[in-house]
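# following is a predicted model, sequence given first.
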Amino acid sequence: MSMDQSKPEFVYRLATGAEWAEAKETGRVPLRSIDEKDGYVHLSTRDQLLDTARLHFAGENDLLALEIPLHPIENHVKFELAPKRGEKFPHLFSSLDVSWVKQALSLVSANDGFVIGDPL
């Protein structure tokens, strides 16, 4: 069974080190106030990840990108237009279980933004 070619293999959740530590203890990645307000968990594709980090997490020293295979969760994900950014983003309409996270990648500050670092 092949996946729709327009969908990415992975989606990403930005999380602080503290949020990831809490997630590993509770089994679920914690929601942020924007997730609670909007009614879904905000995710990004790999192409969107660094812009999202730069726009929403500037100055964060302990930022991670949680890499999640799309296939097991795609029934709970809708790609919806974010008008401010003019592109469709993956939105998860369920809680985000730690077991879905393939790996956590460090994001390293660089040039007024971030670059993807090593897996933790």
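Happy to help now that I have it. Note that the coordinates shown come from a computational prediction; the quantities given were computed from them, not determined experimentally.

# for Leu81, give its distance to Leu31.
22 Å (C-beta to C-beta, to the nearest Å). C-betas here are computed from N, CA, C, even on glycine.

# who has more neighbours out of the two?
Leu31 (16 against 10; other C-beta atoms under 10 Å).

# surely that one meets Gly39?
No - between Leu31 and Gly39 there is no contact under C-beta atoms under 8 Å: 10.2 Å.

# residues near Val29, how many?
Neighbour tally, Val29, other C-beta under 10 Å: 24.

# wait, Pro83
Quick note: Pro83 (other C-beta under 10 Å) scores 7 neighbours.

# that one and Val77: what is the separation?
Pro83 is 19 Å from Val77, by C-beta to C-beta.

# do the same with Tyr12
12 Å.

# what sits in contact with each of these two?
Leu43 (C-beta atoms under 8 Å, 6 or more residues apart in numbering).

# neighbour-wise, which of the two wins?
Neighbour count, other C-beta under 10 Å: between Tyr12 and Val77, Tyr12 has more, with 25 against 19.
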